[in-house]
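# quick one: sequence plus predicted model below, questions after.
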Amino acid sequence: MTLDLPVVDPPDSVADPVREKRVAGVLLAAGTSSRFGERNKLLATLNGEPLVRHAARTLADAAVDPLVAVVGADGDRVAAALDGLGFSVVENPHHAEGQATSVRAGVRAVRDASGVAGAVFALGDMPLVASTSVDALVAAYRANEATALAAAYDGERGNPVLFDSRYFGVLSDVDGDVGGRDILLSGGDSVLVETGDPGVRRDVDTRTDLDRVREWGTRF
């Protein structure tokens, strides 16, 4: 497995891609928040809204369609937190088995959608990712930079990630708690897309993480 992926800058615009490709947006929001404590971290508030709504709005404001949210723990409450943002909600009854089960559920939800060439997978516990970072991934993908792409900040790999539909079959078979990371790191056509956005490296696993995010203030 290779850990050193090339870093590319995104094209200047997503409005004039080399080749049009419809890209879906999948929000992974099914985790058990085991490191956070008794409460579900996705429902903790930042600037008066649940963390997961911030993460969902990142996709809703980006150049991705359709939008799918995979929920599990506290599924009804998490789904309610996304109300009005245009997401189709998919229940993952196997969420306790790891993130890969949510990736599989998300892939199943988008793989048969008309004209979908790829999908961005975003994490519900990353509320500071800018929608322009998602657009950077989409722009690089549409410009044929690669078929597996991850957002980066200062050359360091972060999230979200984008996979071409050619990987959907493999993603449907991933196991454990790493999602598509192994596919990204071992692929021969994988790149990091420099976003200039520190939010792509900032997630919330613990209450200390949440305190830090609140100190950083608003979304980027």
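Looks like it arrived, so ask away.

# enumerate every residue touching the residue most central in space within the chain.
Centroid-nearest residue in the chain: residue 122, 0.9 Å away (criterion: CA atoms, centre = their mean). Residues in contact with residue 122 (CB atoms under 8 Å, 6 or more residues apart in numbering) are 25-28, 55, 58-59, 129, 134, 159-160. C-beta here means a position set from N, CA and C on the backbone, and glycine is covered the same way.

# can you give me the neighbour number for the residue lying closest to it once chain neighbours are set aside?
If the residues on either side of it in the chain are set aside, residue 122 comes closest to residue 160, at 3.9 Å by CB to CB, 6 or more residues apart in numbering. Residue 160: 27 surrounding residues under other CB atoms under 10 Å.

# show me what the helix or strand harbouring residue 141 is packed against.
Counting by DSSP states H and E, the element that carries residue 141 is helix 131-142. Secondary-structure packing of helix 131-142 (3 or more CB pairs under 8 Å, 6 or more residues apart in numbering; DSSP states H and E): strand 22-29, helix 51-60, strand 116-123, strand 148-153, strand 156-164, strand 190-194.

# return the distance of that helix from the chain's centre.
Helix 131-142 sits 12 Å away from the centroid of its parent chain (CA atoms, centre = their mean, to the nearest Å).

# thinking again about what came up before, in terms of pLDDT, where does the residue nearest to the centre of the chain sit?
pLDDT for residue 122: 97.

# these two touch, right, residue 85 and residue 60?
Yes - Residue 85 is in contact with residue 60 according to CB atoms under 8 Å; the separation is 4.6 Å.

# who touches both of the two?
residue 67.

# out of those two, which sits in the busier spot?
More neighbours surround residue 60 than the other of residue 85 and residue 60, with 20 against 15 (other CB under 10 Å).

# can you pull the pLDDT of that one?
97.

# likewise the one 4 residues further on?
The score at residue 64 is 95. That number is its pLDDT.

# what's the local residue count around the residue lying closest to it once chain neighbours are set aside?
Distance criterion CB to CB, 6+ apart; nearest residue to residue 64, sequence neighbours excluded, is residue 25 at 3.4 Å. Residues lying near residue 25 (other CB under 10 Å) number 28.

# swap in residue 45?
12.

# now do the contacts for residue 71.
Taking CB under 8 Å, 6+ apart as the definition, contacts of residue 71 comprise 29-30, 78-79, 89-92.

# how near is it to residue 95?
Taking CB to CB, to the nearest Å as the measure, residue 71 and residue 95 are separated by 8 Å.

# do residue 83 as well
Distance of residue 83 to residue 95, computed by CB to CB: 20 Å.

# more neighbours: the two, which one.
residue 95 (21 against 11).

# ok, the more buried one touching residue 104?
No - if you go by CB under 8 Å, residue 95 and residue 104 don't touch, sitting 10.9 Å apart.

# on that earlier part again, give me the common contacts of residue 71 and residue 95.
What both residue 71 and residue 95 touch, as defined by CB under 8 Å, 6+ apart, is the set residue 30.
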